[in-house]
Structure formats: C-alpha cells, structure tokens
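> Quick one: sequence and predicted model below, then my questions.
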Amino acid sequence: MFTWKTTCSFPEHWRGDLMIQLGARPAAGFDDPLRMLSDCHRRIEWFLGSLYNVDQVAGETLTPAERQALESALGYFATSGVVHTQDEDESLFPRLRSCADDHPCVHAVLETLERLDLDHQLAHEEHKVVERLIQTWLRDGMLTPDSRENLKLVLESLRERYRGHIELEDSVVFPLARTVLSATVIETVGKEMRQRHTSYLR
Ligand SMILES: [Fe+2]
Ligand SMILES: [Fe+2]
C-alpha cells in the first residue's frame with residue numbers, strides 16, 4: 001500500500017505540495033523507478049515555479065507565505081533535487097550507455113545523454129547561485145536591485161534549461177530505457193535509488 005514514507009523521499013512538511021503536483025494518482029515507488037524519476041520532474045517544475053513566482057511578485061519585504069515557499073523550494077533542491085540527479089547520473093544513464101553496442105537506438109542517443117550530463121553540471125552551478133541569493137534574501141529580508149535582477153536571470157535560465165531537459169528525459173530517455181533495459185536491470189536501478197534516498201534523506 002502506498003505511503004509517503006516508503007515511496008517518496010521528502011520531509012513530511014512538503015506533503016501538501018506534493019499532493020498538489022501528483023493529483024489523484026499515487027506517486028510511483030522504487031519498484032517503478034522510471035516513473036518515479038518522472039514524478040520527480042513534476043516536483044522540480046513545481047518548486048522551480050514556486051521560486052520564480054515569489055521572485056516575480058514579492059515586494060521589498062517577504063511575507064510569511066513567500067518566506068515559507070522559498071525555504072521549501074531551497075530545501076527540496078538541496079536534498080531531493082540532488083538525489084534525483086544522482087539517480088540519473090549514477091544508476092540510469094550508465095545502464096543505458098552500457099547497452100549502446102547492442103542497441104543502435106541507444107547508440108543514437110549517446111550525444112543526448114552527454115547533453116543531459118552537461119545540463120546537470122550547469123544546473124548545479126545555477127542552483128548554487130540561487131541558493132546564495134535566496135539565503136541572503138531570507139537572512140537580510142531584502143535583496144539589492146542588482147541581486148534581485150541576477151536572481152531573476154538565473155531562475156529564467158534554470159527554467160529554460162529544465163524545460164528542454166525534462167522534455168528529453170520524459171519523452172526520449174525514460175521510454176527508451178523501459179524498452180531496452182531488462183526487468184532485472186530496472187529492478188537494480190530501483191534498489192540503488194532506494195538505498196540512495198534512504199541514506200541521503202534520512
Ligand atoms: Fe536529468
Ligand atoms: Fe531528471
């Protein structure tokens with residue numbers, strides 16, 4: 001039976017946000033790691049949208065709701081967001097690359113996997129800038145106009161990067177993985193993800 005504790009690697013106080021994102025469908029568990037990765041994309045989109053919206057509407061002083069939204073989103077990207085990238089970089093993508101010689105369709109997306117790897121690195125750097133600026137905003141209660149403009153630009157870059165990145169993973173990479181990877185390999189990916197989420201988010 002579905003429970004948040006066993007199928008979602010998120011602190012309890014984010015539960016309401018996640019329910020909004022996933023609607024009536026139960027979130028996927030580690031027994032369906034590819035769908036679980038896709039579910040994580042919905043959360044990434046939601047938390048990134050949350051950061052973007054606060055930046056768009058906030059006045060000089062943050063309201064309690066805006067502060068809560070910023071803290072929740074930063075917490076998500078610093079924990080579950082990092083683990084999501086590791087799930088792909090360390091568990092899924094290597095399995096796909098290793099079967100490229102046997103599957104021409106995988107060979108055809110090797111460059112795509114390289115692009116996704118690069119996106120992960122660039123997004124990591126952009127998240128560090130976002131983290132620094134928003135922590136300053138939370139601590140000081142305000143940002144200088146230059147910092148606010150910088151935050152806006154980085155959030156727009158992240159949003160654009162994730163838009164193409166998630167589209168490629170959801171529509172090309174994950175369906176391909178479901179086709180070429182054996183049930184045993186997918187099960188191993190799920191076990192590794194469970195181990196990673198359990199130890200990282202404990
Ligand atoms: Fe990714
Ligand atoms: Fe992803």
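Yep, it's here. Please read these numbers as outputs of a predicted model, since none were measured by experiment. Ligands and ions are numbered 1, 2, ... in the order given.

> switch to C-alpha atoms for all contacts and neighbour counts from now on
Noted.

> Give me the phi and psi angles of the residue of the chain positioned farthest from its centre.
Relative to the centre of the chain, the most outlying C-alpha is that of residue 102, 29.9 Å out, by Cα atoms, centre = their mean. When read as degrees, to the nearest 10, the backbone of residue 102 gives phi -90, psi -20.

> Equivalent analysis for residue 29, please.
Main-chain dihedrals, residue 29, degrees, to the nearest 10: phi -110, psi -170.

> And for the one 3 residues further on?
For residue 32, the backbone dihedrals (degrees, to the nearest 10) come out as phi -130, psi 70.

> Could you do residue 58 as well?
Phi and psi for residue 58, reported as degrees, to the nearest 10, are phi -60, psi 140.

> Tell me the spacing between the residue farthest from the centre of the chain and residue 139.
The gap separating residue 102 from residue 139 is 54 Å, by Cα to Cα, to the nearest Å.

> Same question for residue 65.
Residue 65 is 15 Å from residue 139, by Cα to Cα.

> so how many other residues sit close to residue 127?
When neighbours are counted by other Cα atoms under 10 Å, residue 127 registers 18.

> Contact partners for it?
Neighbouring residues of residue 127 by Cα atoms under 8 Å, 6 or more residues apart in numbering: residue 77.

> helix or strand for it, which one?
helix 110-140 (DSSP states H and E).

> buried set for that helix?
Within helix 110-140, the residues scored as buried using 16 or more other Cα atoms under 10 Å are 112-113, 116-117, 119-120, 123-124, 126-127, 129-131, 133-134, 137-138.

> chain center to it: distance?
For helix 110-140, the separation from the chain centroid amounts to 11 Å (computed by Cα atoms, centre = their mean, to the nearest Å).

> likewise stretch 181-192?
That offset, for stretch 181-192, works out to 20 Å (Cα atoms, centre = their mean).

> Identify all contacting residues around that stretch.
With contacts defined as Cα under 8 Å, 6+ apart, stretch 181-192 is touched by 30, 31, 32, 33, 87, 91, 92, 95, 96, 178.

> how about it: buried residues?
Buried-residue list, stretch 181-192, by 16+ other Cα under 10 Å: 186, 187, 188, 189, 190, 191, 192.

> give me the element the fifth one is part of.
Following DSSP H and E, one finds residue 190 within helix 183-200.
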